[in-house]
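Participant: quick one, structure for this:
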Amino acid sequence: MDRSELAQLLGITPQVSEESSVTQLIEESDPAKFIAAFSYALRGTGPIFLVDPHLGQNERKILADLIVSQEAVVRDHSRGWLMIASGGTSGKLKFARHDEQTLAAAVRGFCKHFYVKKVNWVGVLPLYHVSGFVAWCRTVLTGGTYIPWDWKHIEAGKFPAFKRGDSFGDEGWYISLVPTQLQRILNSQFVHELTQWLRSFDGIFIGGGPIWPSLADQAARLNLPLCLSYGMTETAAMVTALRPKEFLDGRRDSGSALPHACVSVNRDGLIEIDAPSISLGYYPDIKWDQRFITEDLGVFDEHNNLTILGRRDSVIITGGKKVDPSEVEAVLRASNQFDDIAVVGILDPEWGQSVVALYPNKNTGLNQVLLDKQVETLASFKRPKRYIGIDQWPRNLQGKLNRLELIRLIPKV
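Facilitator: Predicted coordinates:
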């Protein structure tokens, strides 16, 4: 499949003219407007950027500099013409280069892993983000149905009904949620209706961040068909995934590799991925070796199922000892005192880094006695030295937490 064939799947006739090679920015929150704008842009041959409408001033300057760079102007965009933002929540904004071939490889791998020919999706995540965009692509490339839906409607107890086609067993209905969205559903006054609706899906994909154990166990008790997975912008979404039955049988890892991907752990404990769905570098550069070394630490069990241990760059080193923030966060979440929580390391003249727990400032009246008892299960060096409320909690619409911004917002003492 080439770019023109992708356009034809969307009912678009490609055009060739002097204007067809211009750069196109798709900056739409509304799904219908996004799809229309993307379809129009696909008629040409120039690069297409999927842009978050909520970008800040600094990120917009980075984007502008990329577009006007002379190096970018002379690049051949027959491959890697689709730019999807990556890194905006953890560092400098950059754009991973994808195209019809990387997307098709990801879709084929998904279908084989979940034994489905036609993919249908209820989309509540934004289409300018890889998780929302690739979900839509799965429906386009398999002839499925895509139902965009406003998350606020779900919070209000309103959700779309859907009907299965005649090809029962060959198609599936799916939805993607971030952990905080699932938690809000389970805490909602409409929890009975919403959980009944969620049970009708063939799979509920959880992304945007790791699910905490208490939430996973609650979902399992409610018989929700969760699919825990691992992937990122650079891999065109998931490259490993847990099937719903495996989750309901008690597994909590990220599953096995999808058929199109070779996933391994190197001698440093970092996850490496070799797959035709991997992006061709970062714009304006292009890289033909589709092998990607992540900053994520992982381990495989004897059945080749992947467990994520955290990011190498998020490990806190205090007094020469390493602390995995996700382990401490899971213990604190189990106290049920926090709407959200983040454990970070801040500079400490004696210990190098000090373990600190941050939470949204709307959480008031923390029970310190209960917290002290809660963290007794942790080694003493892993226990937070301080609990600090933050007025502005910087999670984006996909649920990703901007830890650098969070640390910057810690009040000076």
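
Participant: got the domain ranges for the chain?
Facilitator: Following automatic domain parsing, one gets these domains for the chain: 3-97, 100-311, 315-408.

Participant: ranking those by burial, who's on top?
Facilitator: Taking mean count of other Cβ atoms under 10 Å as the contact definition, the stretch among the domains of the chain with the greatest mean neighbour count is domain 100-311, which reaches a mean of 19. Quick note: C-beta positions are derived from backbone N, CA and C, even for glycine.

Participant: now do the same end-to-end measure for that one.
Facilitator: According to Cα to Cα, to the nearest Å, domain 100-311 extends 30 Å from its N-terminal end residue to its C-terminal end residue.

Participant: before we move on, back to that, turn the domains of the chain into JSON lines, including mean pLDDT.
Facilitator: Output for those, formatted as JSON lines (pLDDT from 0 to 100):
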{"stretch": "domain 3-97", "mean pLDDT": "80"}
{"stretch": "domain 100-311", "mean pLDDT": "93"}
{"stretch": "domain 315-408", "mean pLDDT": "85"}
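
Participant: so how far is L9 from the residue nearest to V191 when sequence neighbours are not counted?
Facilitator: Distances taken as Cβ to Cβ, 6 or more residues apart in numbering put I185 closest to V191, at 6.7 Å, once the chain neighbours are dropped. When distances are taken as Cβ to Cβ, to the nearest Å, I185 and L9 turn out to be 33 Å apart.

Participant: repeat that for L198.
Facilitator: Using Cβ to Cβ, one obtains 29 Å as the distance from L198 to L9.

Participant: Q353 now?
Facilitator: Here the criterion is Cβ to Cβ. By it, Q353 lies 51 Å from L9.

Participant: I388 now?
Facilitator: Spatial separation of I388 from L9 under the definition Cβ to Cβ is 50 Å.

Participant: just L222 next, same as before
Facilitator: If you measure L222 against L9 using Cβ to Cβ, the figure is 37 Å.

Participant: likewise A334?
Facilitator: 46 Å.

Participant: surely A241 meets S229?
Facilitator: Yes: contact criterion Cβ atoms under 8 Å: A241 and S229 qualify, at 4.0 Å.

Participant: who touches both of those two?
Facilitator: 205, 254-255 (Cβ atoms under 8 Å, 6 or more residues apart in numbering).

Participant: from these, pick the one nearest I62.
Facilitator: Distance ranking of those against I62, using Cβ to Cβ, places F205 first at 29.6 Å.

Participant: now for the helix or strand that that closest one is a member of, which elements pack on it?
Facilitator: Secondary-structure assignment from DSSP states H and E places F205 in strand 203-206. Under the contact criterion of 3 or more Cβ pairs under 8 Å, 6 or more residues apart in numbering; DSSP states H and E, the helices and strands touching strand 203-206 comprise strand 171-177, helix 179-186, strand 226-232.

Participant: and the helix or strand following that strand, what does it pack onto?
Facilitator: Scanning forward in sequence from strand 203-206, with DSSP H and E defining helices and strands, the next element found is helix 213-221. Here helix 213-221 is seen to pack against helix 179-186, strand 226-232, helix 244-248, helix 325-333 when contacts are counted using 3+ Cβ pairs under 8 Å, 6+ apart.

Participant: neighbouring contacts of the helix or strand following the longest one?
Facilitator: Pointing back at helix 325-333 there. Next in sequence after helix 325-333, counting helices and strands by DSSP H and E, comes strand 342-348. Counting by Cβ under 8 Å, 6+ apart, strand 342-348 makes contact with 316-318, 323, 325-326, 328-329, 332, 353-359, 384, 401, 403, 406-407, 410, all of which sit outside it.

Participant: who touches K152 in this structure?
Facilitator: Contacts of K152 by Cβ under 8 Å, 6+ apart: none found.

Participant: which SS state does it fall under?
Facilitator: helix (DSSP: H, G, I helix; E, B strand; the rest coil).

Participant: can you map out the helices along the stretch 301-413 of the chain?
Facilitator: Counting by DSSP state H, counting those that start in this stretch, one finds helices in the stretch 301-413 of the chain at the ranges 325-333, 368-374, 403-408.

Participant: grab the CA positions of the second one and hand them over as CSV.
Facilitator: This file holds the C-alpha atoms of helix 368-374, laid out as CSV (Å, rounded to 0.1, in the frame of the first residue of the first chain):
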residue,chain,number,x,y,z
GLN,A,368,-0.3,11.3,58.1
VAL,A,369,-0.7,8.5,60.6
LEU,A,370,-2.5,6.3,57.9
LEU,A,371,0.2,7.2,55.4
ASP,A,372,3.0,6.3,57.7
LYS,A,373,1.4,2.9,58.3
GLN,A,374,0.8,2.5,54.6
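
Participant: quick one: distance of it to the chain centre.
Facilitator: Here the centre of helix 368-374 is set off from its chain's centre by 32 Å, with Cα atoms, centre = their mean, to the nearest Å.
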